[in-house]
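J.: Give the three-dimensional model of this entry:
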Amino acid sequence: MWLIARRSFTEGWMRLVATLMAAVFSIGLIAGSVQFTMRAQEAVSGSDASEYAKTDVLVLGGTTDPDDVYGAPDGQVALDEVAGRPGVAAVAGDALVPVTASGPDGEMIVPPAGAGTTLRPWTAEAGLNPYHLESGRAPTADGEVVVTWHVARAGEVEAGDPLRVVLPKRSREMKVVGIATVEGRGSVARGDLILAPPETVRKAAGLPAGTWQGVWVKAAPGVEASRLSRDLARDLRGADVTVRTAAGVREAHSASLRADGTSIGGAIGMLASVAVFVGLFVVANTFGTLVRQRTRRLALLGAIGATPRQIKRLIKLEALALGVVASIGGVLLGYPVSGLLTSLFAQDGFDITAADAQYGWVALIIPAVTGVLVTQLAAWRAARKAARISPMQALRAASTEPAGRRRPRLLGALAVFAFACMFFGLVSAIRADEPPGPDRTIGVCVLILMGSMTTVAALAVLAPFFVGPLGGLVGRVGTMVSGEAGRLARATITRSPRRVSSAASSLMLGVALVGATALIVLSVNARFAEAGEEVMRADHAIAATGTTSSGQAPLPRDVADRAAAAPGVSRATPLTGTEAKLVSPRPKSPYGDEDPAPLYLMVSGADQTALPSVLDLGGDLRPLRTGEIGLTSTIMKAQKLEKGQRIVVRGGAGRVALTVAGAYHDPSHVFADQALVSPATMDRLDPDAATQAVLVKGGTKDGLTRAVADVPGVEVLDRSAYVQAAADSLTSGMRVIYGFIGMSLVLALFGMATTVSMSVGERTREFGLLGAVGATAAQIRSIVRWEAATVVLLGSLLGLGTALGTVFLMHVGTGSSFLSPDPPWWLFAVVVVGAAGVTLATSALPARRAAAVPVLEAAKSE
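T.: Residues are numbered from 1 along each chain as shown. Model (predicted):
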């Protein structure tokens, strides 16, 4: 059997090229997805370098959030309180100021893997300084900075270049005087670092002279870090400080990175499953066509004594040879695929270029083995079909299909549908356990997507049953238009339903991917535009052009003053935002857990006097006073909070007691999605809260543009443009999803083209004999085109039905008004015309080849 497989593989090489290319592209998409997932995990969990590498003990002002390992302390500590104590060899002050940076080209420098960029003091004390200068020198004067290597690479920055740094309250231009690494890495667990002279950082953090957010401590020789930590905690018992070992902080950072890496890998793995499904689908389809094309040869093998088991082994050996060759090409193709996905991810504010492309044995072996397994799984059904071919079929034309058994196909489709229903059934469990919110929506949508993908497989099994009626309809139209060619097309379509359904199944998959994506995008964009226009009363908005992993990049707060000074402006209201952890009452868990997960509220701050003129929020919330907070009705219901109730939240400045003033609703989810406070309360929560946008009433776009012309990285947008920009920031990560779906679509269409081409090759004898009995080349081309029309009709109907059903189930399962199965009429026309164009384009060359088949070649064809 191995010798026969090898001979078939070498003799039929040209015939196997199409199957091989489909397998290469399928495995390339799978390999690219695997490599991209591994690179993202490495970028998230691999940068475990720490600025505390040479520090033994940390004395932090106030307290820190135990659930946020990267959170800044909420108090202050004087350097003199720690320096000179027994066991202390050296100390250095530390402060963290969140910033964004732009390179010489004005483009924002995206920090690695969803982390942030912070302004930190350059430590002059050699025993505590973890930074190694790769080039340049240390910063000594105000306005000079050293940047970590990732900043230099991502922003194409060199020593001597200017760097625009956006601080919480203003932006300023600094000069890069050096580039540094930390423990050989280009960034730390917290993200990118911009290192300035200590006094520059202290002033930017708003700290009094001599005080810091924390103090780094180097233990004296012979003094253990744990012992020194206990001694300092005892000596500073009366002060409002927290003492921790640096090793404990580093371990907490590493654990957080490992958890983030697992989470990111799981999320990307879900996307990669689409690629695996499409790859398996396409390879299985082409293998089925290949086996059907060789019906006569396989039947002759059975006639000369080959057992069904041997024929199965023959197909599997061919699949193994094909899988090995395709895996080699697919692994190589996976690297440019991974590079494309990495680029799309970076455009959404999630830069994973801190990790290099993976060339280890895991990155090579896993995709290769996956490719071989995919081809084996794809060939499993084809091998079973080949084993059932009777010797009598050697006497039949290859293009004539035997009467298939309906019951096994129906039972198989029902089994696949039952498997799909398992995913749909889990939706009810999530709806019962999870409160309304993004987590529930995402979980429901993922389950429905998995169920819909399984449904596509079930419809592919049932597709031959639909070919007869649709083929008859197309044949009647063809007979009226093309006469005898249409009648022949009808006969060939209804005689070979599996051949037509194979091509239609690939088209169905492509149409389902495009249709579902288009429906979701159109629905979400339409809802954002409608709700945004309903809420936003401001005429213009000033926003940053850059994007971070958490949304739009922040603005310096002084942009509002610049806008207010523009001619004709009546209101210029900064919209600030921060996260605040609900401390009391304890968050309510939908599962009734005694130890629920922490709840972090997205708190928005806005001038309460100006708010009605720039935003129209739903509800009857009155203007908020200092110490009050407004919550959305969803949050109040989920947490069982009432108007007038006292709650305690923890922001960047520590714990703050607030009174619930009432409920409101932001239908756009853009401006104040969870909580709202006044500017004075925001300053109590987080003095460095980021300015998300400046909402402007009055004035002109040109006037506002001139007012902020010297602030880099900002733009003036009208109402609809800002709503769209804010919505895009909320749906960050969509470019990667589009990339996966786009490449899956290309693969599905390539599979369809491969199947159409192979089906024409399968019918060489038939077309040659038609030519021998007088059929013209134009008539043969017309037969192929009418078959293509059947493929378009069947694939479009099943694909659009799947897409509509997917979005409808998402709408019902989530209850979200953003997922509405109400497509515009033109979407169906665009999809059908596009499907017809692709199908006719892919069938044009096979049609010409079919018309040119010589009679003698047809006579010796299988």
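J.: What's the first helix or strand after the lengthiest helix in the chain?
T.: Secondary structure of the chain per DSSP state H: the longest helix is helix 246-293. Downstream of helix 246-293, the first helix or strand assigned by DSSP states H and E is helix 295-303.
J.: what is the orientation angle of that following helix with helix 246-293?
T.: Angle, helix 295-303 to helix 246-293, by axes from the mean of the first three to the mean of the last three C-alpha atoms, to 10 degrees: 80 degrees.
J.: just checking, what packs against helix 295-303?
T.: For helix 295-303, the elements it packs on are helix 308-347, judged by 3 or more C-beta pairs under 8 Å, 6 or more residues apart in numbering; DSSP states H and E. For the C-beta atoms, the positions are set from N, CA and C on the backbone; glycine is no exception.
J.: Would you mind pulling up the elements that the helix it packs on packs against?
T.: helix 2-11, helix 13-45, helix 246-293, helix 295-303, helix 361-387, helix 734-762.
J.: counting contacts, what elements does the longest helix of the chain pack onto?
T.: Under the contact definition 3+ C-beta pairs under 8 Å, 6+ apart, helix 246-293 sits against helix 13-45, strand 57-61, helix 308-347, helix 361-387, helix 438-482, helix 497-535, helix 734-762.
J.: so which of those comes closest to Leu641?
T.: Proximity to Leu641 (C-beta to C-beta) singles out helix 438-482 among those, at 19.1 Å.
J.: Show me what the closest one is packed against.
T.: Against helix 438-482 (3+ C-beta pairs under 8 Å, 6+ apart) you get helix 246-293, helix 406-433, helix 484-495, helix 497-535, helix 777-814.
J.: got the CA positions of the third one in PDB?
T.: So that's helix 484-495. Presented in PDB, the C-alpha positions along helix 484-495 are these (Å, rounded to 0.1, in the frame of the first residue of the first chain):
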ATOM      1  CA  GLU A 484     -29.800  22.700 -24.700                       C
ATOM      2  CA  ALA A 485     -26.800  23.800 -22.600                       C
ATOM      3  CA  GLY A 486     -29.100  24.600 -19.700                       C
ATOM      4  CA  ARG A 487     -30.900  21.300 -20.000                       C
ATOM      5  CA  LEU A 488     -27.500  19.500 -19.900                       C
ATOM      6  CA  ALA A 489     -26.400  21.600 -16.900                       C
ATOM      7  CA  ARG A 490     -29.600  20.600 -15.100                       C
ATOM      8  CA  ALA A 491     -28.900  16.900 -15.800                       C
ATOM      9  CA  THR A 492     -25.300  17.100 -14.600                       C
ATOM     10  CA  ILE A 493     -26.300  19.100 -11.400                       C
ATOM     11  CA  THR A 494     -29.000  16.700 -10.300                       C
ATOM     12  CA  ARG A 495     -26.900  13.600 -11.200                       C
END
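J.: burial of the residue lying closest to Asp65 once chain neighbours are set aside, as a residue count?
T.: Leaving aside its chain neighbours, Asp65 sits nearest to Gly71 (4.4 Å; criterion: C-beta to C-beta, 6 or more residues apart in numbering). Residues lying near Gly71 (other C-beta atoms under 10 Å) number 17.
J.: A strand includes Gly71, no?
T.: No: under DSSP: H, G, I helix; E, B strand; the rest coil, Gly71 sits outside any strand and is assigned coil.
J.: Just to check, it is in contact with Thr63?
T.: No: counting by C-beta atoms under 8 Å, Gly71 stays clear of Thr63, with 9.8 Å between them.
J.: Give me the pLDDT value at the residue nearest to Gly103 when sequence neighbours are not counted.
T.: Nearest residue to Gly103 in three dimensions, chain neighbours excluded: Gly155, at 3.3 Å (C-beta to C-beta, 6+ apart). Note on Gly155: pLDDT of 88.
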